[in-house]
Each structure stands twice: as C-alpha cells, then as structure tokens.
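[1] I'll drop the sequence and a predicted model, then ask my questions.
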Amino acid sequence: MAEDKLTLTDHRTGKTYDIPIENGSIRAMALRSIKVDDDDFGMMSYDPAYKNTASTTSKITFIDGDKGILRYRGYPIEELAEKSSFLEVAYLIIFGELPTKDQLDEWVFDITHHTFLHENVKSMMEAFRYDSHPMGMFISTVAALSTFYPEAQKVDDPDVRLYQIKRMIAKVPTIAAFSYRHSRGLPYVYPDNRLSYTGNFLSMMYKMTETNFEPNPVLSRALDVLFILHADHEQNCSTSTMRAIGSSQADPYSALAGAAAALSGPLHGGANERVLRMLREIGDKKHVAEYVQRVKDGDFRLMGFGHRVYKNYDPRARIIKKVADEVFEVTGRSPLLDIALELEKIALEDDYFVSRKLYPNVDFYSGIIYQAMQIPTAMFPVMFAIARTVGWLAQWQELLQDPEQKIARPRQVYLGEDKRPYVEIGKRK
C-alpha cells in the first residue's frame, strides 16, 4: 500500500526529502528541513493572498467550489435556507449541532433580551457627523463595546466567551439600525422584543409614528434567508482577519471590529453595491448585449460574476434569485431585475464566460433585493456584517480551542537592500 507522503528532490544539493501528506495537504514547517547547508534558514512556501495555503483546520463550513457546494456543519445551504431561521442556523454554526426545540427557545430568548444598547453607546453614536458612513459607525461602535464589557478580555473562559457571543449577535442589528437612522436624520428606534430577529431589525429601521410596527412577513423571511446565506463562508478576507486578531487573544469586540473593517472594502462586502452601479450604468435591457461585448473586449469586468472559490454556479445565487421574486411581489418589480436577468442569460450562454467559469455569485441579486427594500447602498456592507457576525464568532471560538494555533505571524521573502553603510546627510546624493 502506498504511503501518504510527498517525495521532493532538491537539485541544489541532490538530497531527497519525504514529506507526510495529511488530509490532502503538507505542513509548511516540513519544508524547513530542506536546506543548502546548516546556516540556511530552510525552504519556505511563497503564496501571495493565500491562494493555496491552509492556515487552519475547521469543522464549520465546507465549500466545494468546482461542484458549487456550500454546507454549514455538514448541512446543505439549500436545506437550511428553506427550513431554518437565521437564529437556528446561528446556533448550528456556533455549537455544531441543530438545536432541540427547548434549546432553540432558550437561545432565541437570550439573543432577544440582549438587543438593547447601553445609553452611553447610543449617545456616542449620536456624536457622529450627520453624514457619517453607516459602516464606519458600525465598526467604531462594535470596537467601543470592548470598553463597556471589559470582562470580554477573559477569552479563555468558555462561559465569558458564550456571553459575549450572545451579546454581539443580539446587538449588531441594533447598531446597524441606529447607523441607518443616523444617516437619514431620524430618531433611533429601540428594539421590540415581541418581534423576531429580522422583524425587530425592520422595526428599528423603518418604524415611524405607529405604536406597534408590524413587519411584512415576506420581507422578514427574505432577510432571514439572506442572513443565512451570508452567515459564514470559510476563510475569506474578513474571517481570516478575525482569526488573526483573535490569535493575539484580543477581546472579541476588537477582533470583530477588525473583521468588519476588512469586510468594508469594495472587493469584499461592497461587491453587491458595484453590481447595482453596473446595472444602473447599463440602464436598459436593450443595452446588455453591447455592454457584454465591451466586457469581452477588456474595457471592464462584469460585476457579480465569478468567485475566488466557486468555479460553478454559486449555490447561494440560486436561492437568492427565488427570494428576489418573493420580495418583488411585495415591493414591486425593480426595473434593474430585467437587466440582471438578461445579463445572466447572455453570460450563461456565451463561451467567453462559460469557459472562464464566470457564473453569477451571491452579490448579483442581493443588492437588487436590498434596493427593493429601500435599503441604501451605503448600508449593504452593514447588512453583510450582521449576518457574518455569527461566522466570525464561531471561527474565533474555534481558533481559541485549537491547540495548534499560535499568534498569527506570516513569513516574508525579503528582496530589499543588503547591509550597507550609513551616509551622513551632507554626503548623500
């Protein structure tokens, strides 16, 4: 029977090395034994942007990009989106198993009764400029929570960790809604514990003078599905950031603020905003073919198509397309939808896109849905952050429980100057 090992020959020295293969990978530290002489530091792997480097083992999310598969803790995303609520999926992602009815009831109760913010937090948010970006407010406020809950620094205490996890899942919709109301010049709306997680969020966003705000069940359920689809997605940029900061044993609020900052970039959480901008630029269904040709000519990229991981149709895109139809029955059909459908149709039939495996991703339809729900584009990354908070926290907790994890400290390949003499300022040229 063949051994699970990789045999390498270093032609600089003629030496041969056997490196064990574990779970389809080799340990990078095993390369350090490959040296030219005793003074050699040893071989390193060079992998900009971590395109083929695993920094951790994980039991949370499985992705097969070639087959278009996404599973949380082994459960297909399609089944979870159809049958579960967001808080039920959050329980699954955090604890590893779907809850019993009693466990879910207790979990929902605990989350629901942590939604309020300290009045000093509210006052701090009110001090932001009237035109502050909601994502900037979100990141800053989450970071500030570490000063309100100093016990969160006890990251090795599982009871303390769980308490912060519940707090953050509960409070991020409140912070997000307050950020939205602030950007609109509207008074903040306190949480309503009568309502569901997403229903309460819609109330804090849109309640005006009514005594009791009753969220539309279709829109509430649509948000539930969107949050489920965005809850976790393996070791992406923001999750890697959460883990990197968490590896220093920083408190979870500081780590989550850093993860949210990574998410705020246009190449990550701002991608659906770029899709909307593209659809508006196309303007009309009749211009789609011309626009696609310009993409093929190399004038610009097609937003919402292709993914770093998926080389097949993003499974989340299929689900979200169905949700879009349900939302538009309530809000009215967005004129951008016809452009999007025509764009998708042409791209899926064109060899240029098919050969490059450029299929619609989750961002292609999510922005259209948020726009139909009258959520401004500046809020899109904040919406993403509400859902991804669950994944960030699960990954953070997994990191802290992994005995192999140390403080993150990537290596570099130095290409700068060798040692050289210092030149006095008067003699420099």
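    Thanks, I have the structure now. Quantities reported herein were computed from a predicted structural model and do not represent experimental measurements. Numbering: from 1, shown residues only.
[2] hey, where'd the helices end up in the stretch 251-400 of the chain?
    Here the stretch 251-400 of the chain has its helices, by DSSP state H, counting those that start in this stretch, at 252-263, 271-282, 288-296, 315-331, 335-349, 351-355, 363-372, 380-400.
[3] got these as a markdown table, with mean pLDDT and mean neighbour count columns?
    (Each C-beta comes from the backbone N, C-alpha and C, glycine too.) Below are the helices of the stretch 251-400 of the chain laid out as a markdown table (pLDDT from 0 to 100; neighbours: other Cβ atoms under 10 Å):
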| stretch | mean pLDDT | mean neighbour count |
| --- | --- | --- |
| helix 252-263 | 98 | 25 |
| helix 271-282 | 86 | 20 |
| helix 288-296 | 90 | 15 |
| helix 315-331 | 89 | 19 |
| helix 335-349 | 85 | 18 |
| helix 351-355 | 87 | 12 |
| helix 363-372 | 86 | 25 |
| helix 380-400 | 97 | 25 |
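[4] wait, which of the ones you listed is closest to A231?
    Across those, A231 has its closest neighbour in helix 380-400 (4.8 Å, Cβ to Cβ).
[5] Count the neighbours of H307 for me.
    By other Cβ atoms under 10 Å, the residues close to H307 number 24.
[6] you'd agree it is up against F364?
    No. Using Cβ atoms under 8 Å, H307 makes no contact with F364, being 10.4 Å away.
[7] rewinding a little: want to throw the helices of the stretch 251-400 of the chain into a markdown table with distance to G68?
    Putting those into a markdown table (distance: least, Cβ to Cβ, whole Å) gives the following:
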| stretch | distance to G68 |
| --- | --- |
| helix 252-263 | 23 |
| helix 271-282 | 18 |
| helix 288-296 | 22 |
| helix 315-331 | 5 |
| helix 335-349 | 13 |
| helix 351-355 | 14 |
| helix 363-372 | 14 |
| helix 380-400 | 19 |
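[8] Ok, which of those comes nearest G96?
    helix 380-400 (8.9 Å).
[9] now for that closest one, which elements pack on it?
    Applying 3 or more Cβ pairs under 8 Å, 6 or more residues apart in numbering; DSSP states H and E, one finds that helix 380-400 contacts helix 86-95, helix 134-148, helix 158-183, helix 217-230, helix 237-246, helix 252-263, helix 271-282, helix 363-372.
[10] how about the fourth one: buried residues?
    The one in question is helix 217-230. Within helix 217-230, the residues that count as buried by 16 or more other Cβ atoms under 10 Å are 219-230.
[11] now the angle between helix 158-183 and it, please.
    130 degrees (axes from the mean of the first three to the mean of the last three Cα atoms, to 10 degrees).
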